[in-house]
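Student: I'd like to go over a predicted model; first the sequence, then the structure.
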Amino acid sequence: MRCWFFGMCSVLLFCVHVTAQNTVRSDSTYTLAEAIQHYLDLSRIYESSSHDSSLYFANLAFEEANKTTDEKLKTTAQLRVGVALHNLGRWPSAIKALGNALEKCLENNWPKETLLASLDLGNTYLAYGRYHEVNESADLAEENFRQALKFYTQALQQSKRVSDAQWSGRVCQNIGASYYYLGNYTMALIYYGKALDLFRKLKDHKLEADILSNMGAVYFEEGHLDSAFYYHEHSREYFSTHQIPEGLIVSNINLAEIYKAKGDLRLALSLLYQADSIAEKLNDPYLKSLIQENLHATYVDLDDHERALAHYKGYTLLKDEMINSESQERLDKLNAIYEAEKQKREITSQKLANAEKDKLLLKASQERKSLLMVSGISISLALLLTAFFVWRQRFRSVVNRKDKELMNQRINQLMKDQQIRSMETALKVKEAERKRIASDLHDKLGATLTATRMAFESAGYEPDDDRAKRGYRLIDQAIAETRNIAYDMLSGVLTKFGLEAALHDLKSTVNELGTMAMKLECHKLDVRLDAELELGIYRILQELLNNTMKHARASLFAISIIREKSELTVKTVDDGIGFNLHRYNKGMGLKNIRTRVRSLNGAYTMHSKPGQGTQTVLTFILKDEVC
């Protein structure tokens with residue numbers, strides 16, 4: 001209770017302190033975090049349209065994040081810088097930025113961020129490898145592909161750690177691509193297959209179609225044209241069914257390549273013209289130029305130079321259109337940078353305004369803080385006095401209640417001890433009464449019968465007389481019966497009549513006391529058990545009965561004994577309050593029971609929970625039966 005009182009005092013004082021300290025909210029901190037998030041969002045928005053603008057806003061976010069103490073925010077901004085550098089084809093710089101971010105993720109044990117950093121780093125190495133491959137630097141290409149594979153493998157481990165099947169599928173797809181560029185087509189198909197299984201389970205049919213297209217490309221490189229056709233055709237079916245024109249165009253180009261490899265140039269042309277009609281509707285210069293390039297190459301193979309030249313002209317016109325588009329994109333980038341600078345100046349002005357506002361708020365808060373401190377101390381003193389009187393009153397009531405509980409426990413314990421002593425006394429009185437009756441039978445009635453026989457002999461009856469013979473026989477029989485009865489009563493119920501009779505005798509004694517009912521059921525005990533086993537079981541049951549009467553507050557104690565072939569099962573159940581076995585398992589009473597059971601080569605189990613009574617099961621292997 002004393003700890004509770006002082007704890008409450010500490011909490012009250014702490015609350016006053018926290019109230020005073022947190023009166024003013026620093027809006028500038030929230031503004032900086034919001035600005036960083038805004039820059040990150042702008043970087044992601046420009047990722048698809050202007051890579052320069054995307055990098056610009058990523059650098060702004062990283063610059064502002066370094067002014068904070070939030071390590072995760074810094075790392076997120078650095079990852080965005082790395083991705084933007086990758087998109088611009090500045091792969092060495094991207095690798096450096098992403099590598100630094102990955103080190104921070106591993107150092108702080110951030111599984112999701114480590115996954116993303118490893119995946120982005122793998123993507124950058126893969127793109128850098130393809131760049132070297134195009135420029136015919138085979139050794140550098142292979143080195144970068146192997147680095148990509150290393151970081152993709154690390155990303156796969158992290159995806160399993162965060163239990164994200166979507167990311168696992170994407171990483172498996174990229175691992176397959178790495179093996180593809182390394183020329184290990186077997187491993188490429190294995191990982192593409194894993195990605196395919198994951199996307200099918202996720203029912204992501206778009207990614208499933210992409211994987212089918214990738215597998216078709218692998219089989220095409222291996223020269224398995226039928227397998228390549230199978231996978232590209234299935235990919236094309238999906239894009240056609242779900243009306244994804246870009247995917248359908250690429251599938252048609254891939255299938256056209258297969259027909260060209262098989263020598264069926266007419267079918268290849270048919271697929272390319274289908275793709276061209278779809279591209280016209282999209283008005284995508286890149287896809288249209290790709291189709292024109294393939295049409296030009298196909299007509300060259302057909303020796304139709306006139307049409308080949310026409311498609312080559314179409315290809316060059318589209319290239320010029322793309323160059324003009326890139327010029328417009330650069331202009332858009334400059335506009336975006338201007339807008340970003342303008343936005344930055346507005347944010348800076350807002351920060352200055354917020355700083356001035358904070359100064360005014362701080363001055364006002366200091367005045368309020370003094371008032372709050374005085375009010376807080378006054379309220380705290382009043383609460384402390386109230387708490388003291390409440391504590392004092394509760395302490396007195398708790399002490400009185402505990403004294404009353406202790407007195408009731410002592411009274412209950414005395415009553416239980418008295419009940420046990422009454423039972424033991426009753427058993428002793430019964431035993432003493434049996435001994436007295438046995439003594440009277442042997443010393444008095446036996447002596448009287450012996451004297452009668454002697455008197456009968458002195459009466460002068462002839463031994464050959466039939467009536468005399470009958471009289472002698474009856475007197476001898478009476479003397480023998482008297483001696484047997486006296487011996488049986490002296491030797492005890494258990495020794496003479498066995499375990500069942502002794503337990504019935506114990507049951508009668510307990511039920512006569514009236515404090516608790518005892519029930520007994522015995523099956524197949526008509527044949528006596530080994531004397532040592534009977535005595536041991538009887539003592540164990542006495543111990544369990546005493547424990548129940550002393551501790552369990554039970555109204556019923558039931559004993560069940562079942563004999564099955566060479567096994568004897570003894571079970572006791574009471575409806576008492578039960579107890580915690582883990583807490584009381586080492587008590588002397590239970591220890592004595594376990595010792596007795598082990599000495600009889602038996603097995604012992606006990607089940608009890610507070611409020612659910614107690615059940616004990618004893619099992620013994622029987623020796624040869626004793627009649």
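Tutor: Received, thanks. Numbering: from 1, shown residues only.
Student: So residue 61 sits against residue 32, correct?
Tutor: No - under the criterion of C-beta atoms under 8 Å, residue 61 makes no contact with residue 32, lying 11.0 Å away. To be clear about C-beta, it is placed using only N, CA and C from the backbone, and glycine gets the same treatment.
Student: Between these two, tell me which one has more neighbours.
Tutor: residue 61 (26 against 20; other C-beta atoms under 10 Å).
Student: so where does that one fall, helix or strand?
Tutor: Element membership of residue 61 [criterion: DSSP states H and E] is helix 51-65.
Student: Now that helix: buried residues?
Tutor: Buried residues in helix 51-65, counting neighbours by 16 or more other C-beta atoms under 10 Å, are found at 51-62, 64-65.
Student: Equivalent analysis for stretch 93-101, please.
Tutor: Within stretch 93-101, the residues that qualify as buried by neighbour count (16+ other C-beta under 10 Å) are 93-95, 97-98, 101.
Student: Format those as a markdown table; extra columns: distance to residue 387, pLDDT and secondary structure.
Tutor: Below are the buried residues of stretch 93-101 laid out as a markdown table (distance: C-beta to C-beta, whole Å; pLDDT from 0 to 100; DSSP: H, G, I helix; E, B strand; the rest coil):
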| residue | distance to residue 387 | pLDDT | secondary structure |
| --- | --- | --- | --- |
| 93 | 64 | 94 | helix |
| 94 | 63 | 92 | helix |
| 95 | 63 | 94 | helix |
| 97 | 58 | 92 | helix |
| 98 | 58 | 93 | helix |
| 101 | 53 | 91 | helix |
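Student: just curious, which of those is nearest to residue 70?
Tutor: When the buried residues of stretch 93-101 are ranked by distance to residue 70 (C-beta to C-beta), residue 101 comes first, at 14.1 Å.
Student: wait, isn't that closest one in contact with residue 73?
Tutor: No - the pair residue 101 and residue 73 does not pass the contact test of C-beta under 8 Å, sitting 11.8 Å apart.
Student: so which strand or helix has residue 388?
Tutor: Element membership of residue 388, judged by DSSP H and E, is helix 305-440.
Student: can you pull out the helices in the stretch 101-250 of the chain?
Tutor: Taking DSSP state H, counting those that start in this stretch to define them, one finds helices in the stretch 101-250 of the chain at 111-134, 138-161, 165-182, 185-202, 205-222, 225-241, 245-262.
Student: Residue 477 is nearest to which of those helices?
Tutor: Comparing those by their distance to residue 477 (C-beta to C-beta), the top pick is helix 138-161, with 94.1 Å.
Student: nearest spatial neighbour of residue 116, skipping sequence neighbours?
Tutor: Here the nearest residue to residue 116 in space, its sequence neighbours aside, is residue 79; by C-beta to C-beta, 6 or more residues apart in numbering that works out to 6.5 Å.
Student: List the residues that contact the closest residue to residue 87 other than its chain neighbours.
Tutor: Closest residue to residue 87 apart from its sequence neighbours, by C-beta to C-beta, 6+ apart: residue 51 at 4.4 Å. Applying C-beta atoms under 8 Å, 6 or more residues apart in numbering to residue 51 gives the contacts 84, 87-88.
Student: What of residue 162?
Tutor: Residue 162 is in contact with 111-112, 115, counting by C-beta under 8 Å, 6+ apart.
Student: how would you label residue 615: helix, strand or coil?
Tutor: Under DSSP: H, G, I helix; E, B strand; the rest coil, the three-state class of residue 615 is strand.
Student: and the gap between it and residue 606?
Tutor: Using C-beta to C-beta, to the nearest Å, we find residue 615 at a distance of 7 Å from residue 606.
Student: Isn't residue 571 up against residue 615?
Tutor: Yes - counting by C-beta under 8 Å, residue 615 is a contact partner of residue 571 at 7.2 Å.
Student: Would you mind measuring from the residue nearest to residue 87 to residue 44?
Tutor: Relative to residue 44, residue 51 is positioned 12 Å away (criterion: C-beta to C-beta).
Student: Same check on residue 83?
Tutor: With distances defined as C-beta to C-beta, the gap from residue 83 to residue 44 amounts to 9 Å.
Student: Looking at the two, which has the bigger crowd around it?
Tutor: It is residue 83, of residue 83 and residue 44, that has more neighbours when counted by other C-beta under 10 Å, with 25 against 15.
Student: Model confidence for the nearest residue to the more buried one once chain neighbours are set aside, exactly?
Tutor: Leaving aside its chain neighbours, residue 83 sits nearest to residue 120 (5.7 Å; criterion: C-beta to C-beta, 6+ apart). Confidence at residue 120, expressed as pLDDT, is 94.
Student: How about residue 536?
Tutor: Reported pLDDT for residue 536: 90.
Student: How about the contacts made by the residue lying closest to residue 257 once chain neighbours are set aside?
Tutor: Nearest-residue entry for residue 257: residue 220, 7.0 Å, with adjacent residues in sequence omitted and distances by C-beta to C-beta, 6+ apart. Residue 220 makes contact with 228, 254, 257-258, 261 under the criterion C-beta under 8 Å, 6+ apart.
Student: Weed out the non-buried ones from these.
Tutor: Here, 16+ other C-beta under 10 Å leaves 228, 254, 257-258 buried among the contacts of residue 220.
Student: Residue 531: which of these is nearest?
Tutor: Here the nearest of those to residue 531, counting by C-beta to C-beta, is residue 228; it sits at 90.6 Å.
Student: you'd agree that closest one is up against residue 216?
Tutor: Yes - at 4.7 Å, residue 228 counts as touching residue 216 under the criterion of C-beta under 8 Å.
Student: related to what we said a few turns ago, okay, now the residue nearest to residue 116: neighbour count?
Tutor: Counted with other C-beta under 10 Å, residues neighbouring residue 79 total 25.
Student: my read: it touches residue 98, true?
Tutor: Yes - with contact defined as C-beta under 8 Å, residue 79 counts as touching residue 98 (6.7 Å).
Student: intersection of neighbour lists for those two?
Tutor: Residues touching both residue 79 and residue 98 by C-beta under 8 Å, 6+ apart: 117, 120.
Student: wait, which of the helices of the stretch 101-250 of the chain is closest to residue 558?
Tutor: helix 138-161 (56.0 Å).
Student: what packs against that closest one?
Tutor: helix 111-134, helix 165-182 (3 or more C-beta pairs under 8 Å, 6 or more residues apart in numbering; DSSP states H and E).
Student: Could you give the average pLDDT over stretch 286-301?
Tutor: 87.
Student: chain center to it: distance?
Tutor: 57 Å (C-alpha atoms, centre = their mean, to the nearest Å).
Student: Could you list the low-pLDDT ranges of the stretch 1-150 of the chain?
Tutor: By pLDDT under 70, the weakly predicted segments of the stretch 1-150 of the chain are 1-31.
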